[in-house]
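sharing a model that was predicted from the sequence below.
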Amino acid sequence: MADTSWIGDRDGWAAFFAGFERIVLVANSDAVDIAALRQRFGDDALYVFFNKVFKVLSEPFAGSCLLVARSSPAGANIVYRNEVESVLGLLRSPKFRGVLNLRTAPGETFSRAEEFGGARAGFLDLADYFDDFYPASHVPTSGFALAVWLAENCPTSRVVLAGFTAQRSVQWKLFHDHDWTFEQIVQRLLLRSNKIERIGGSDTSGLEEIARRFPDTTPEELSLVASQVLAERLEGSNMAIDRLFSLTRLQGRIDGLLRSLKPKTRKQKFAAKSRTDTAKP
């Protein structure tokens, strides 16, 4: 039976994380090398995994670790998708700390503590934490939300991002309900201010090297030229995308028809019900 009295508020989680000098947030990314992480940070660090850990773990993890289970309108994703056992099977060890059920938007719903396969389960509600900050048209990713919250609320702990590249791979896709560009901007600013660390990604965009090579160039000139080049390349990409849409219009209609024939998922049903309830007078 899960311990339902475990951590349930921000202060409790801040105290929990403060007990670790280093916290390694492990993204579900091809850029993650678990063996290298363990060798670099050892057994004193807390390793934080997210949702479908089988994306990065091929065998049980024996280090001190915590699972973040992200909520949706239907509850924690791993709960309503019946993935609890397959996920926890890779984390259960004497050093497994438990499950942090996280929500970052008002429409997301916590699952019950007893639904997490007997593991200790606590809850962190950040539904209002990013009001007037994160773009309202999107919702924060779990890793971004936790990284920012830790950087701002646990200053004695060193936060390390592992594999947070925001790049699509052949195996794993990016979901468009998150603003990846916004998150990367904030992440780079936190890196520059030395509030977090990062491994498993490019540390520079090349602009720093240009500035060192041409020291007479002012930051303003460099920013202006870089913006002009990026704008031109973006316009070229938009033209190519528009051409691709024209060529694949028929395939898109067929795909839309086939998708409409598929039974709605539980998450889609919750979203449809929410829209209906909102539309009622």
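That came through fine. Bear in mind that the values here come from a model prediction, so they are computed numbers and not experimental data.

how about the helices in this structure?
Counting by DSSP state H, residue ranges of the helices within the chain are 10-17, 34-41, 77-80, 84-88, 142-153, 180-192, 207-213, 219-247, 249-261, 266-279.

for those helices, give me JSON lines that also has mean pLDDT.
JSON lines is the format used below for the helices of the chain (pLDDT from 0 to 100):
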{"stretch": "helix 10-17", "mean pLDDT": "96"}
{"stretch": "helix 34-41", "mean pLDDT": "94"}
{"stretch": "helix 77-80", "mean pLDDT": "94"}
{"stretch": "helix 84-88", "mean pLDDT": "95"}
{"stretch": "helix 142-153", "mean pLDDT": "96"}
{"stretch": "helix 180-192", "mean pLDDT": "90"}
{"stretch": "helix 207-213", "mean pLDDT": "84"}
{"stretch": "helix 219-247", "mean pLDDT": "84"}
{"stretch": "helix 249-261", "mean pLDDT": "79"}
{"stretch": "helix 266-279", "mean pLDDT": "59"}
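
now those helices as TSV including mean neighbour count and distance to residue 28?
Yep, even glycine has a C-beta here, placed from its N, CA and C like the rest. Compiled in TSV, those are given as follows (neighbours: other CB atoms under 10 Å; distance: least, CB to CB, whole Å):
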stretch	mean neighbour count	distance to residue 28
helix 10-17	16	21
helix 34-41	14	12
helix 77-80	22	12
helix 84-88	18	11
helix 142-153	22	9
helix 180-192	15	14
helix 207-213	11	29
helix 219-247	10	27
helix 249-261	9	25
helix 266-279	12	18
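
nearest to residue 136, out of these?
With distances scored as CB to CB, the stretch of the helices of the chain nearest to residue 136 is helix 180-192 (11.3 Å).

now do the closest one and helix 142-153, the angle between them.
Per axes from the mean of the first three to the mean of the last three CA atoms, to 10 degrees, the angle that helix 180-192 makes with helix 142-153 is 30 degrees.

list the contacts of helix 180-192.
Outside of helix 180-192, the residues within contact range by CB atoms under 8 Å, 6 or more residues apart in numbering are 134-135, 138, 140-141, 144, 147-148, 151, 161, 164, 166, 174, 196-198, 203.

contact partners of stretch 32-46?
When contacts are defined by CB under 8 Å, 6+ apart, stretch 32-46 is touched by residues 17, 20-24, 26, 47, 56-57, 61, 63-66, 95, 97, 160, 162-163, 199-200.

next one: residue 90 from residue 40, what distance?
Separation of residue 90 from residue 40 (CB to CB, to the nearest Å) stands at 20 Å.

ok, residue 261 next?
In this view, residue 261 and residue 40 are 49 Å apart by CB to CB.

cool, and residue 97?
As judged by CB to CB, residue 97 and residue 40 stand 20 Å apart.

tell me where the stretch 51-200 of the chain has strands.
65-72, 75-76, 96-103, 121-125, 158-162, 197-199 (DSSP state E, counting those that start in this stretch).

now do the shortest one: distance to the chain's middle.
What it means is strand 75-76. Taking the mean C-alpha point of strand 75-76 and that of its whole chain, the gap between them comes to 16 Å (CA atoms, centre = their mean, to the nearest Å).

name the residues that touch it?
Residues external to strand 75-76 that are found in contact with it (CB under 8 Å, 6+ apart): 69, 70, 101, 109, 110, 111, 115, 116.

filter those to the buried ones?
By the neighbour-count criterion of 16 or more other CB atoms under 10 Å, the contacts of strand 75-76 include these buried positions: 69, 70, 101, 110, 111, 115, 116.

now the two most distant members of those residues.
Top of the distance list for those (CB to CB): 70 and 115, 14.1 Å.

pretty sure residue 96 contacts residue 65?
Yes. Between residue 96 and residue 65 a contact is recorded at 5.9 Å, counting by CB atoms under 8 Å.

returning to what we had before: the helices of the chain: which one's closest to residue 125?
Proximity to residue 125, assessed across the helices of the chain by CB to CB, is greatest for helix 10-17 (7.6 Å).

could you check the angle the closest one makes with helix 142-153?
Between the direction of helix 10-17 and that of helix 142-153, the angle (the same axes, to 10 degrees) works out to 90 degrees.

what is helix 10-17 packed up against?
Secondary structure elements in contact with helix 10-17, counted by 3 or more CB pairs under 8 Å, 6 or more residues apart in numbering; DSSP states H and E, are strand 121-125, helix 142-153.
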